[in-house]
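Undergrad: Could you look at this predicted model? Sequence included:
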Amino acid sequence: MTTVKHFQFGTPIETGAVIRNVPAAGSRIPGWVQDEAQGTLCRDLSEDEIVYGLGESVRGMNKRGWIYESNNSDDPNHTEDKHSLYASQNFFLIFSRQHSYGMFVDTPGKVSFDIGYSKMDQMKISLDDFAANVYTIEGENPTEVIRSFHDLIGKSYIPPKWAFGYGQSRWSYMNEQEVLEVVRSYRDAGIPIDSVYLDIDYMDHYKDFTINNEAFPDFDRFTRQMKEQGIHLVPIIDAGVKIEKGYDVYEEGVEKQYFCQKENGENLVAAVWPGRVHFPDFLDEKTREWFGGKYQWLISQGVDGFWNDMNEPAIFYTEDHLKEVFRKIDLYRDQNLDIRSFFAFKELVDKIDNNPEDYRRFYHHYHGQLVRHDKVHNLYGYYMTMAAGEAFRRYSPDKRILMFSRASYIGMHRYGGVWTGDNKSWWSHLLLSFQQMPGLNMCGFLYSGSDIGGFGADCTEDLMLRWLEMAIMTPLYRNHSAEGTRRQELYRFEHIDWFRNLVNLRYALIPYIYSEFMKAVLSGGMYMMPLSFVYPEDERADRVEDQLIVGESIMLAPVYLQNAVGRSVYLPEDMKLIRFRSCEDYEEEILTAGDHYIPVALNETILFLRKGHVLPMAQPAQDVEQIDYSKLFYLTYEAEPEDYELYNDDGISPVS
Ligand code: MIG
């Protein structure tokens, strides 16, 4: 049994995140000290309370000890000192062995969550505007609370099944030949693959919904040719629309007033990849319908997956701000630049991108009102993805389309998944991306994952191996990297057989991964969760930061340190260790509850099978469609294969 309550204070701006009507029970939240003048909510935290959630934020699974700020930011340096990443997922769960308490602070503006930063035993939520819909959920255990929350916000987006296969991405594969070479190299190496991602250079001068015809002379034919080889091409879509005479998307947008305007009614001129752009006003229904319809142009050419980028939105500069900067720089021209003035001078250019002032320069048409962008900033990526999601329902009612986004807010989880953006090829980010998964799941984003191998910086072979092992059950399984970094397609490394075995193992696990993912979505539950969700009575379990439960049968405990040849693992109960070198070459060993040091060589993946549970597995296949469900085999630990309830479907038809 859970108790869901709704409180409303101030005049909150609607977000659309909550789909179930819970009448507001007043404006004072029991158990919290509310200070309207300060715009804060405070509550003490007892020593045994753990705070989970807040989506893809920095630091560990237990969020205590830092300030997290919901302010969607295009910041590619995900270091511990940051407060905001790309998403605002304002749900957290306070867990103790006695009770679980969830809270969703539903407001589209800036919110900060000081979780034991100012005072170690206190939590303080601050809102820029003291107006919000707040939902609290009390229950006996975390699983119940999460189900109740997901019931409130609606089920997670479901991708096509092929989107659980391996994806290869790079900024950018420049043309048809490069894509063909990637596919051929994977096939030659015998490494399974289902998708190749097209980054910004597939477009003509970074114009959304165009194709560079020199690089891809017959895109329609090419996508279909790829499809015949079992490969889905997944193009990127950016938020900004290039300002260019004769470009239809730009001209239609200007004519029909689909773009965000400034106070004086002119369209805002900002800049991203193509130079000057306008931002579609995704908060306006008519703009969504129009922009969403544009995806259809690519769908009609055989595309069945997209990723939405730069939708915080990222801003290099606005024209107005740029002018100001030039004017100000000039004031320094004849000065003797000393310590203060030099840095002030330097900052003028350094702080030009994603500048807070720029987010106050433009407006949205939202529910019949003009709303300044900063008040609804965190909804922009959500509504862009909603535009696509609504269009997919219109134009592709019989077929699921892959969609994931960089910026997000709770509510977007019904239209697409997320990836965690521009991480780095760092060991610390391998661990970070593991720890981000349960927070994302709690907030409803079940289809998610990180750039495997790391986006920025140079990837090494051992890091790539460990990352693929860590992510072996992560729904989105995509290797992506930035321009200028070391190439990290798997066939470029030395031990191709290790990579082949590893990705084969991923494919062998897809029946389980898909089954558990779908069951979690359909029941409103979690797919990847902290140990305390399964062992709430175990006081060691809730302090474990580097192990997760995936579905009903498996515990993961990846190796995440450079040069480590094993790791310590805590078992809350007896478990069966399965050590895979390949799908055929594996060993099973029963381990008793407690602490163990487990050696794990670079080419090994370890899984822990829970007692009384089953792990269904398939023979490896070169792509998801070829997985043969008639040849499943089962690893068991004090259970029979029949004890496992396998969910399966055609992987394409929409499921409601
Ligand atoms: O910041 O399109 O996060 O995945 O490769 C660069 C180029 C813009 C950011 C995305 C990244 C993508 C890149 N984009």
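TA: Looks like it arrived, so ask away.
Undergrad: hang on, M555 packs against I549?
TA: Yes - the pair formed by M555 and I549 meets the contact definition of C-beta atoms under 8 Å, at 5.5 Å. No exception for glycine: its C-beta is placed from N, CA and C like everyone else's.
Undergrad: residues shared between the contacts of the two?
TA: Common contacts of M555 and I549, defined by C-beta atoms under 8 Å, 6 or more residues apart in numbering, comprise L531.
Undergrad: pull the CA atoms of stretch 279-293 into CSV?
TA: Taking only C-alpha atoms (Å, rounded to 0.1, in the frame of the first residue of the first chain), the coordinates of stretch 279-293 have been written out as CSV:
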residue,chain,number,x,y,z
PHE,A,279,14.7,27.7,-32.2
PRO,A,280,11.4,26.0,-32.9
ASP,A,281,8.9,26.8,-30.2
PHE,A,282,8.3,23.1,-29.2
LEU,A,283,6.1,24.2,-26.3
ASP,A,284,3.6,25.4,-28.9
GLU,A,285,1.3,22.6,-30.1
LYS,A,286,1.2,23.7,-33.7
THR,A,287,5.0,23.9,-33.8
ARG,A,288,5.3,20.4,-32.5
GLU,A,289,2.9,19.1,-35.1
TRP,A,290,4.8,20.8,-37.8
PHE,A,291,8.3,19.8,-36.6
GLY,A,292,7.2,16.3,-35.8
GLY,A,293,5.9,15.9,-39.3
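Undergrad: Please list the residues outside that stretch that contact it.
TA: Counting contacts by C-beta under 8 Å, 6+ apart, the residues touching stretch 279-293 from outside are 239-241, 252-253, 256, 258-261, 268, 270, 313, 362, 364-366, 371, 376, 379-380, 383-384, 386-392, 394-395.
Undergrad: go on, stretch 497-504?
TA: The list of residues contacting stretch 497-504 from outside it, by C-beta under 8 Å, 6+ apart, reads 166, 189-193, 464-465, 468-469, 472, 490-491, 493, 580-583, 585, 602-603, 605, 620.
Undergrad: In strands only, show me those residues.
TA: Here DSSP state E is the test, and the contacts of stretch 497-504 give 166, 580, 605 as lying in strands.
Undergrad: follow-up on the earlier one: quick one: which of the contacts of stretch 279-293 sit in helices?
TA: Filtering the contacts of stretch 279-293 for membership in helices, criterion DSSP state H, returns 252-253, 256, 376, 380, 383-384, 386-392, 394-395.
Undergrad: From those residues, list the buried ones, please.
TA: The neighbour count (16 or more other C-beta atoms under 10 Å) marks 253, 376, 380, 383-384, 386-392, 395 as buried among the ones in helices among the contacts of stretch 279-293.
Undergrad: Those residues: which two are farthest apart?
TA: Put simply, by C-beta to C-beta the two of these set farthest apart are V376 and Y395, 27.0 Å from each other.
Undergrad: Let me have the buried ones among the ones in helices among the contacts of stretch 279-293 in JSON lines, adding distance to M123 as columns.
TA: Formatted as JSON lines, these follow (distance: C-beta to C-beta, whole Å):
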{"residue": "G253", "distance to M123": "43"}
{"residue": "V376", "distance to M123": "25"}
{"residue": "Y380", "distance to M123": "28"}
{"residue": "Y383", "distance to M123": "30"}
{"residue": "M384", "distance to M123": "32"}
{"residue": "M386", "distance to M123": "31"}
{"residue": "A387", "distance to M123": "35"}
{"residue": "A388", "distance to M123": "36"}
{"residue": "G389", "distance to M123": "33"}
{"residue": "E390", "distance to M123": "36"}
{"residue": "A391", "distance to M123": "40"}
{"residue": "F392", "distance to M123": "39"}
{"residue": "Y395", "distance to M123": "45"}
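Undergrad: of these, closest to the ligand?
TA: When those are compared for distance to the ligand (C-beta to the nearest ligand atom), M384 comes out closest, at 14.3 Å.
Undergrad: roughly how far apart are the closest one and Y409?
TA: Per C-beta to C-beta, to the nearest Å, M384 is found 11 Å from Y409.
Undergrad: For the host helix or strand of R478, name the packing helices and strands.
TA: When secondary structure is defined using DSSP states H and E, the element that contains R478 is strand 477-479. On a contact count with 3 or more C-beta pairs under 8 Å, 6 or more residues apart in numbering; DSSP states H and E, strand 477-479 meets strand 166-168, strand 451-452.
Undergrad: Mind checking these for the one nearest to the ligand?
TA: Of all the helices and strands packed on strand 477-479, strand 451-452 sits nearest to the ligand, with 6.7 Å by C-beta to the nearest ligand atom.
Undergrad: Tell me if the closest one is near the ligand.
TA: No - Strand 451-452 is not in contact with the ligand by C-beta under 6 Å from any ligand atom; minimum separation 6.7 Å.
Undergrad: so what secondary structure elements neighbour that strand?
TA: The criterion is 3+ C-beta pairs under 8 Å, 6+ apart, and the helices and strands that strand 451-452 contacts are helix 461-470, strand 477-479.
Undergrad: how distant is it from the center of its chain?
TA: On the basis of C-alpha atoms, centre = their mean, to the nearest Å, strand 451-452 sits 11 Å off its chain's mean C-alpha point.
Undergrad: now swap in stretch 87-100 and tell me
TA: For stretch 87-100 - counting by C-alpha atoms, centre = their mean - the centre lies 19 Å from the chain centre.
Undergrad: how long is it from one end to the other?
TA: 24 Å (C-alpha to C-alpha, to the nearest Å).
Undergrad: That stretch near the ligand at all?
TA: No - no part of stretch 87-100 sits near the ligand under the criterion C-beta under 6 Å from any ligand atom; the closest distance found is 12.4 Å.
Undergrad: How much space separates Q301 from R221?
TA: Note on Q301: its distance to R221, by C-beta to C-beta, is 9 Å.
Undergrad: okay, those two: which has more neighbours?
TA: Neighbours per residue (other C-beta atoms under 10 Å) separate Q301 from R221, with Q301 holding more: 17 against 13.
Undergrad: Which residue is the nearest non-sequential neighbour of the more buried one?
TA: With C-beta to C-beta, 6 or more residues apart in numbering as the measure, D220 is the residue that lies nearest to Q301, at 4.2 Å, once sequence neighbours are left out.
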